[in-house]
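Engineer: Got a sequence here, can you build the structure:
(chains A and B, ligands or ions: 1)
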Amino acid sequence: MSEGTLYDKVWDRHAVTELPTGQTQLFVGLHLIHEVTSPQAFGMLKERDLEVAYPERTHATVDHIVPTADQSRPYGDDSAEEMMRELEENVREAGIEFDSPDTGDQGIVHVIGPEQGITQPGMTIVCGDSHTSTHGAFGALAFGIGTSQIRDVLATGTVAMEKQKVRKIQVTGELGPGVTAKDIVLTIIRRLGTEGGVGYVYEYAGEAIESLGMEGRMSICNMSIEGGARAGYVNPDETTYEWLAETDAFEDDPERFDRLKPYWELVRSDEDAEYDDVVTIDGSEIEPTVTWGTTPGQGIGISEPIPKPEELPADKQDTARRAQEHMRVSPGETMAGYGIDVAFLGSCTNARLPDLRAAAEIVRGREVDPDVRGLVVPGSQRVQQAAEEEGLADVFREAGFEWRNAGCSMCLGMNEDQLEGDQASASSSNRNFVGRQGSKDGRTVLMSPEMVAAAAITGEVTDVRELEEVVSA
Amino acid sequence: MSDDAPVETIESVSGTGIPVRGNDIDTDQIIPARFMKVVTFDGLGEFAFFDQRFTGEDEPKDHPFNEERFQEANVLVVNANFGCGSSREHAPQALQRWGIDAIVGESFAEIFAGNCLALGIPTVTASTEEIGALQAYVEENPDAEIEIDVERELVTYGSGDEEKAVNADVASAQHKALVEGVWDTTALMKANETAVRETANSLPYMESDD
Ligand code: SF4
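Structural biologist: Here you go, the predicted model:
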């Protein structure tokens, strides 16, 4: 078992007791909730006549169902309106802070926590959403939970968990031009498999990770779950502290920052920490990476051929065959030139300010292919506002993109933003599962925001490095 | 334990089986997101595997969940990494409401297995070969009884000379929880309120909270 890692330290400090099941009862430092997975939990609480134990450690937003065009109430979609009302009522009754769209603070749950500074190193963070792993970028222990566990957390401020193993993933070297955090994580998942992380927490380390900004680290931690790991984290460092110092939580209270910093330093993994497994990946060999199939593990470098199913491990062949049929791709070809109908720039993986900036750089002065629908959906209202002030929104609009309001949008198609029929999309999100973007015949190709921008311009999956001017940039 | 907490033990589940083949069957397939726009889990059963069962025009497709002979089944037999993807409890809820009481597979995604446990659905694992054999058996004997013995970690099926008892794996916390009836973690943990408060107070970020 691991020893001296951030995971061990945060775990030990939050462990309340061992339960008769052998699981540990773990205190939850921050419970994030949203409209999709919380109403049933509040319902169960009411059935048992229980109250929310730590409303001040709970924070709510609305993201999955929120329309990204017309947000006037009542929402056009009755069931979305009902979910919103339910959430409003639950948070009001319990006294939980709620970033509703009229606060200017609303956004995808995994974007707003970090941007407001409520996500902090050394915390345990849970949310009824598998991409809660995102918050691990700050050196928090953050993982997704199911609805019954949400009930547990609401009622007790704790969650029952089994301790997991820790795998250190070292990404060495320097990334090449046009290669981003998204390409790193797609490579990791491809290498270790979609279930390679089951039973593990991932610690991401190495120069290529440490030299990333917080947003890049979030993109990587975000997709830990796509590799089967419920949580992933990066040890906090100066990059982390700089980000935190500028958030609401610490901006006006530098003393609090100074008080907490020793704790953040303390929970960092020790130099001689023991890991259950260590994997090293050479970052300089990573190419812009895209998926060819229907699981996030089915990725390849943009210049590599799509694999022949029969050359894959036996347990992957069947899935690969079905995926290739669904995607209509053939082994031996590369993904470059794969025609797309929709370019989606959004989601909790890649819709933060630097993501939009990088994509805007590629889009600037160019036009979206006339046969492509391009959507930009900022991760939060704050990101949206900042991007508007910086002129990024204009860059996108002038190129022919739709500039929409913050939410999950086409990442999962629970609002009106959905693929239609067998449309293919270049998407900066995290899941290419069949049906994920709203149409069961839809085809999703995952890639970085830069690659989405390039695909939008050319109308096909394109090596961003080959777009003129971008190379020199 | 608080008195309103249901204490139920699940030592074994028996019934007939239904095979759903394929690795990496994700929760978006088990219950597409568009059916999650609900504030209760009632009625989710009919949407289990919806997009695998029906065409865009709502015409039924070939899928075990559509087959007459499997309609009474309560033991789902799946392959590897079943339930990967989102944390939505809607997925096991939909399966349970369709009629599934236990799932046997090669492996399960963790959050999914945890969600199943919270509903009292055992997720039991066995080797690829054993699962393949069980799926083939169920396919040919849709009315035959299968027993998932959670306590002894055995899956038994077939009769007479053909009877098979397969060693299965039940994760230890799940085993305890189901066999001893302690899967209602809310009640268990609520009882430790004071200790929780102490742990909370020892954390620097709590202390410095306004
Ligand atoms: S953006 Fe997508 S992955 Fe992220 S929380 Fe929303 S639906 Fe989930």
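
Engineer: how close does residue A:408 sit to the ligand?
Structural biologist: 3 Å (C-beta to the nearest ligand atom, to the nearest Å). From N, CA and C alone the C-beta is placed, and that goes for glycine too.

Engineer: Is that residue in contact with residue A:414, as I believe?
Structural biologist: Yes. Using C-beta atoms under 8 Å, residue A:408 is in contact with residue A:414, at 6.8 Å.

Engineer: Identify the residues contacting residue 91.
Structural biologist: As the question left the chain open, I've gone with chain A. Residue A:91 sits next to A:33, A:60, A:97, A:98 when contact means C-beta atoms under 8 Å, 6 or more residues apart in numbering or on different chains.

Engineer: You answered for a different chain; I wanted chain B.
Structural biologist: By C-beta under 8 Å, 6+ apart, the contact set of residue B:91 is B:27, B:30, B:31, B:83, B:112, B:115.

Engineer: Relative to chain A, how far out is the fifth one?
Structural biologist: From residue B:112 across to chain A, the span is 8 Å (C-beta to the nearest C-beta, to the nearest Å).

Engineer: Likewise for the fourth one?
Structural biologist: Applying C-beta to the nearest C-beta, one obtains 11 Å for the distance of residue B:83 from chain A.

Engineer: Please apply the same query to the second one.
Structural biologist: The spacing between residue B:30 and chain A, counted by C-beta to the nearest C-beta, is 11 Å.

Engineer: Next, count neighbours for the closest residue to residue B:82 other than its chain neighbours.
Structural biologist: Closest residue to residue B:82 apart from its sequence neighbours, by C-beta to C-beta, 6 or more residues apart in numbering or on different chains: residue B:105 at 4.8 Å. When neighbours are defined as other C-beta atoms under 10 Å in any protein chain shown, residue B:105 has 24 of them.

Engineer: okay, the contacts of residue A:91 in JSON lines with neighbour count, distance to the ligand and secondary structure next?
Structural biologist: Conversion of the contacts of residue A:91 to JSON lines gives the following (neighbours: other C-beta atoms under 10 Å in any protein chain shown; distance: C-beta to the nearest ligand atom, whole Å; DSSP: H, G, I helix; E, B strand; the rest coil):
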{"residue": "A:33", "neighbour count": "29", "distance to the ligand": "12", "secondary structure": "strand"}
{"residue": "A:60", "neighbour count": "23", "distance to the ligand": "14", "secondary structure": "strand"}
{"residue": "A:97", "neighbour count": "15", "distance to the ligand": "19", "secondary structure": "strand"}
{"residue": "A:98", "neighbour count": "19", "distance to the ligand": "17", "secondary structure": "strand"}
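
Engineer: Please convert those residues to a markdown table, extending it with pLDDT.
Structural biologist: Shown next, in a markdown table, are the contacts of residue A:91 (pLDDT from 0 to 100):
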| residue | pLDDT |
| --- | --- |
| A:33 | 97 |
| A:60 | 98 |
| A:97 | 98 |
| A:98 | 98 |
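
Engineer: Quickly check those for the two that are furthest apart.
Structural biologist: A:33 and A:97 (10.4 Å; C-beta to C-beta).

Engineer: In helices, which of the contacts of residue B:91 appear?
Structural biologist: B:27, B:30, B:112, B:115 (DSSP state H).

Engineer: give me every residue that touches residue A:358.
Structural biologist: A:180, A:449, A:450, A:453.

Engineer: Among the residues you listed, which ones are in helices?
Structural biologist: Using DSSP H, these in helices are A:449, A:450, A:453.

Engineer: and stretch B:185-203, does that touch chain A?
Structural biologist: Yes. Residues of stretch B:185-203 contacting chain A under C-beta under 8 Å from any C-beta of the partner chain: B:185-186, B:188-190, B:192-193, B:195-196, B:199-200, B:202-203.

Engineer: Show the average pLDDT along stretch B:171-179.
Structural biologist: Mean per-residue pLDDT for stretch B:171-179: 92.

Engineer: Name the next helix or strand following the strand ranked longest in chain A along the chain.
Structural biologist: As assigned by DSSP state E, the longest strand anywhere in chain A is strand A:165-172. Downstream of strand A:165-172, the next assigned helix or strand under DSSP states H and E is helix A:181-192.

Engineer: by contact count, what packs against that next one?
Structural biologist: Counting by 3 or more C-beta pairs under 8 Å, 6 or more residues apart in numbering or on different chains; DSSP states H and E, the packing neighbours recorded for helix A:181-192 are strand A:165-172, helix A:214-222, strand A:277-282, strand A:289-291, strand A:299-301.

Engineer: What parts of chain A come near the ligand?
Structural biologist: Contacts of chain A with the ligand, taken as C-beta under 6 Å from any ligand atom, map to A:63-64, A:108, A:110, A:129, A:131, A:347-348, A:408, A:411-412, A:429-430.

Engineer: In the stretch 101-250 of chain A, what residue spans correspond to helices?
Structural biologist: Assigned helices in the stretch 101-250 of chain A, in chain order: A:109-116, A:147-156, A:181-192, A:207-210, A:214-222, A:238-245, A:248-251 (criterion: DSSP state H, counting those that start in this stretch).

Engineer: would you list the ones you listed in CSV and tack on mean pLDDT, mean neighbour count and distance to residue A:355?
Structural biologist: Formatted as CSV, these follow (pLDDT from 0 to 100; neighbours: other C-beta atoms under 10 Å in any protein chain shown; distance: least, C-beta to C-beta, whole Å):
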stretch, mean pLDDT, mean neighbour count, distance to residue A:355
helix A:109-116, 98, 26, 10
helix A:147-156, 95, 27, 29
helix A:181-192, 98, 25, 9
helix A:207-210, 98, 20, 17
helix A:214-222, 98, 27, 7
helix A:238-245, 98, 16, 15
helix A:248-251, 96, 16, 21
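
Engineer: Columns distance to residue B:146 on top of those, output as JSON lines?
Structural biologist: Shown next, in JSON lines, are these (distance: least, C-beta to C-beta, whole Å):
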{"stretch": "helix A:109-116", "distance to residue B:146": "41"}
{"stretch": "helix A:147-156", "distance to residue B:146": "26"}
{"stretch": "helix A:181-192", "distance to residue B:146": "34"}
{"stretch": "helix A:207-210", "distance to residue B:146": "47"}
{"stretch": "helix A:214-222", "distance to residue B:146": "39"}
{"stretch": "helix A:238-245", "distance to residue B:146": "52"}
{"stretch": "helix A:248-251", "distance to residue B:146": "54"}
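
Engineer: Quick check: which of these is nearest to residue A:314?
Structural biologist: helix A:181-192 (17.5 Å).

Engineer: tell me which element the closest residue to residue B:111 other than its chain neighbours falls in.
Structural biologist: Nearest residue to residue B:111, sequence neighbours excluded (C-beta to C-beta, 6+ apart): residue B:87, at 4.7 Å. Residue B:87 belongs to no helix or strand when assigned by DSSP H and E.

Engineer: Hmm, residue A:108 is touching residue A:349, no?
Structural biologist: No. If you go by C-beta under 8 Å, residue A:108 and residue A:349 don't touch, sitting 9.6 Å apart.

Engineer: so where do the helices sit in the stretch 251-400 of chain A?
Structural biologist: Under DSSP H, counting those that start in this stretch, the stretch 251-400 of chain A gives helices at A:254-267, A:314-327, A:353-363, A:381-389, A:392-399.

Engineer: for those, which one ends up most surrounded?
Structural biologist: Stretch with highest mean neighbour count among those: helix A:353-363 (a mean of 23; mean count of other C-beta atoms under 10 Å in any protein chain shown).

Engineer: CA atoms only for that one - export them in PDB, please.
Structural biologist: What follows is helix A:353-363 as a C-alpha-only set of coordinates in PDB (Å, rounded to 0.1, in the frame of the first residue of the first chain):
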ATOM      1  CA  LEU A 353     -10.300  30.900 -20.500                       C
ATOM      2  CA  PRO A 354      -7.000  29.600 -21.800                       C
ATOM      3  CA  ASP A 355      -8.800  26.900 -23.800                       C
ATOM      4  CA  LEU A 356     -10.900  29.600 -25.500                       C
ATOM      5  CA  ARG A 357      -7.900  31.800 -26.000                       C
ATOM      6  CA  ALA A 358      -5.900  29.100 -27.700                       C
ATOM      7  CA  ALA A 359      -8.800  28.100 -29.900                       C
ATOM      8  CA  ALA A 360      -9.500  31.800 -30.800                       C
ATOM      9  CA  GLU A 361      -5.900  32.200 -31.900                       C
ATOM     10  CA  ILE A 362      -6.500  29.500 -34.500                       C
ATOM     11  CA  VAL A 363      -9.800  30.800 -35.500                       C
END
